[in-house]
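K.L.:
Structure here, sequence nowhere to be found:
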């Protein structure tokens, strides 16, 4: 609980510091958000979701219009006389045949099915984007805190080096090394602050908030061990639920129906028959390929999640080792048995491993939500989902 409260306070303090330079008289909205609240806000305000809902409505209207047109065509076909049919070309007769067998209704219905699935996928994509942005911002703020700690330590080391130099206990080389360490720490802190400022604006954009909205995140960058998982069951769920599978399966179903109708109308050695067969086989291959891609993605995200979790423990132990090494180096420096450069190096090594540990926690949280999403409808990828 103390850790969580500390994280909240640090988030609020850091967020407040990020935009002080923007102008004290500029009014800004401030929000406190848990991860779930952030997701709910985005789902309520997402333009992408509104557009996907519109796409579903358009698909449903298109299906209704197509169905009416097909029903009308079916009626007209039924009313054709034998003489009128004999006057028609083979291709026209075949298209009429496909109408009466329901091919075009199935084709129109596929558009609605995919639009509805696409809408579900958009929702999951928005959720993923918000969760990722939430963890990105938490990570950025925690990184600022670590870099601030490094800067404070570097300042203390600089003061100690100056005092020792005045007493003739160290050379000017030690002072210069401490100065270099201080400047490096200051630069790293400034870079972290700028990155946190950008991540805050990016988070706000993801939620649909004004870019300079001040937020405090009430969840902390923490982690829990992965639950026991039946990976085979997860793969089976993904093969049933993922959008890529649904789209490939629907296309194969339609192309298979087209081939069966074509084969019942045209001889096997005709171009029309061969073309329809090739299209069906191509769709079947794409379905198999999609199934393999989905299975690989589920297994990969599962492996990534477990690898990230295991690295957290290893890095935590390394932090303990380097903390001891730093304290020993500092003690030796106080006794005149090591240089200030050695102290700076030990401190940098310690803080580097702290950042790696923080990055591992961040990566694990992202890997975990990616794995959780992998067995559902899935998420869209940039440039097309």
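P.N.:
Thanks, I have it. Note that this is a predicted model, so its numbers are computed, not measured.

K.L.:
ok, and for the strand or helix carrying residue 36, which residues are buried?
P.N.:
Under the criterion of DSSP states H and E, residue 36 resides in helix 35-45. Counting neighbours by 16 or more other C-beta atoms under 10 Å, one finds that the buried residues in helix 35-45 are 35, 37, 38, 39, 41, 42. C-beta here means a position set from N, CA and C on the backbone, and glycine is covered the same way.

K.L.:
nearest to residue 127, of those?
P.N.:
residue 39 (5.4 Å; C-beta to C-beta).

K.L.:
the strands in the stretch 201-350 of the chain, which residues?
P.N.:
214-217 (DSSP state E, counting those that start in this stretch).

K.L.:
Give the helix, strand or coil label for residue 31.
P.N.:
At residue 31 the chain is in strand, as set by DSSP: H, G, I helix; E, B strand; the rest coil.

K.L.:
Kindly state the pLDDT recorded for the closest residue to it other than its chain neighbours?
P.N.:
Excluding its sequence neighbours, the residue lying closest to residue 31 (C-beta to C-beta, 6 or more residues apart in numbering) is residue 215, at 4.9 Å. Residue 215 is assigned 93 on the pLDDT scale.

K.L.:
my guess is residue 215 contacts residue 34, does it?
P.N.:
No - the pair residue 215 / residue 34 is not scored as a contact, 11.1 Å apart, by C-beta atoms under 8 Å.

K.L.:
which of the two has more neighbours?
P.N.:
With neighbours defined as other C-beta atoms under 10 Å, residue 215 and residue 34 compare such that residue 215 has more, 21 against 12.

K.L.:
Contact partners for that one?
P.N.:
15, 30, 31, 32, 33, 137, 200, 203, 204, 209 (C-beta atoms under 8 Å, 6 or more residues apart in numbering).

K.L.:
Find me the pLDDT at the first one, would you?
P.N.:
According to the model's per-residue confidence, residue 15 sits at a pLDDT of 37.

K.L.:
Kindly reformat the buried residues of helix 35-45 as JSON lines and extend each row with pLDDT and distance to residue 130.
P.N.:
As requested, these are arranged in JSON lines below (pLDDT from 0 to 100; distance: C-beta to C-beta, whole Å):
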{"residue": "35", "pLDDT": "92", "distance to residue 130": "8"}
{"residue": "37", "pLDDT": "95", "distance to residue 130": "10"}
{"residue": "38", "pLDDT": "94", "distance to residue 130": "5"}
{"residue": "39", "pLDDT": "94", "distance to residue 130": "5"}
{"residue": "41", "pLDDT": "93", "distance to residue 130": "8"}
{"residue": "42", "pLDDT": "92", "distance to residue 130": "5"}
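
K.L.:
I'd like the next helix or strand past the helix holding residue 36.
P.N.:
Following helix 35-45 in sequence, per DSSP H and E, is helix 47-78.

K.L.:
now the helices: where do they sit in the chain?
P.N.:
2-18, 35-45, 47-78, 82-87, 90-100, 103-166, 172-207, 231-241, 243-265, 271-334, 340-374 (DSSP state H).

K.L.:
picking up where we left off before, I'd like the distance between the residue nearest to residue 31 and residue 39.
P.N.:
Residue 215 is 14 Å from residue 39, where distance means C-beta to C-beta, to the nearest Å.

K.L.:
again, but for residue 264
P.N.:
As judged by C-beta to C-beta, residue 264 and residue 39 stand 51 Å apart.

K.L.:
In this protein, where is pLDDT below threshold?
P.N.:
Low-confidence segments of the chain (pLDDT under 70): 1-29, 87, 381-385.

K.L.:
so what does the helix holding residue 36 touch, helix or strand wise?
P.N.:
helix 103-166, helix 172-207 (3 or more C-beta pairs under 8 Å, 6 or more residues apart in numbering; DSSP states H and E).

K.L.:
For those, give me TSV that also has distance to residue 339 and mean neighbour count.
P.N.:
Formatted as TSV, the helices and strands packed on helix 35-45 follow (distance: least, C-beta to C-beta, whole Å; neighbours: other C-beta atoms under 10 Å):
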stretch	distance to residue 339	mean neighbour count
helix 103-166	10	20
helix 172-207	6	18
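
K.L.:
Determine which of those approaches residue 314 most closely.
P.N.:
Short answer: helix 103-166, nearest of the helices and strands packed on helix 35-45 by C-beta to C-beta, at 18.5 Å.

K.L.:
Next, the angle from the closest one to helix 172-207.
P.N.:
160 degrees (axes from the mean of the first three to the mean of the last three C-alpha atoms, to 10 degrees).

K.L.:
any idea how far helix 103-166 is from the chain center?
P.N.:
8 Å (C-alpha atoms, centre = their mean, to the nearest Å).

K.L.:
now the angle from it to helix 271-334?
P.N.:
10 degrees.

K.L.:
Helix 103-166 packs against which elements?
P.N.:
So helix 103-166, by 3+ C-beta pairs under 8 Å, 6+ apart, packs with helix 2-18, helix 35-45, helix 47-78, helix 172-207, strand 214-217, helix 243-265, helix 340-374.

K.L.:
could those be laid out in CSV, adding distance to residue 99?
P.N.:
Listed next are those as CSV, based on distance: least, C-beta to C-beta, whole Å:
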stretch, distance to residue 99
helix 2-18, 62
helix 35-45, 41
helix 47-78, 5
helix 172-207, 46
strand 214-217, 56
helix 243-265, 10
helix 340-374, 40
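
K.L.:
I'd like the helices of the chain written out as TSV, with distance to residue 219 added.
P.N.:
Output for the helices of the chain, formatted as TSV (distance: least, C-beta to C-beta, whole Å):
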stretch	distance to residue 219
helix 2-18	8
helix 35-45	5
helix 47-78	23
helix 82-87	69
helix 90-100	55
helix 103-166	7
helix 172-207	13
helix 231-241	25
helix 243-265	29
helix 271-334	18
helix 340-374	10
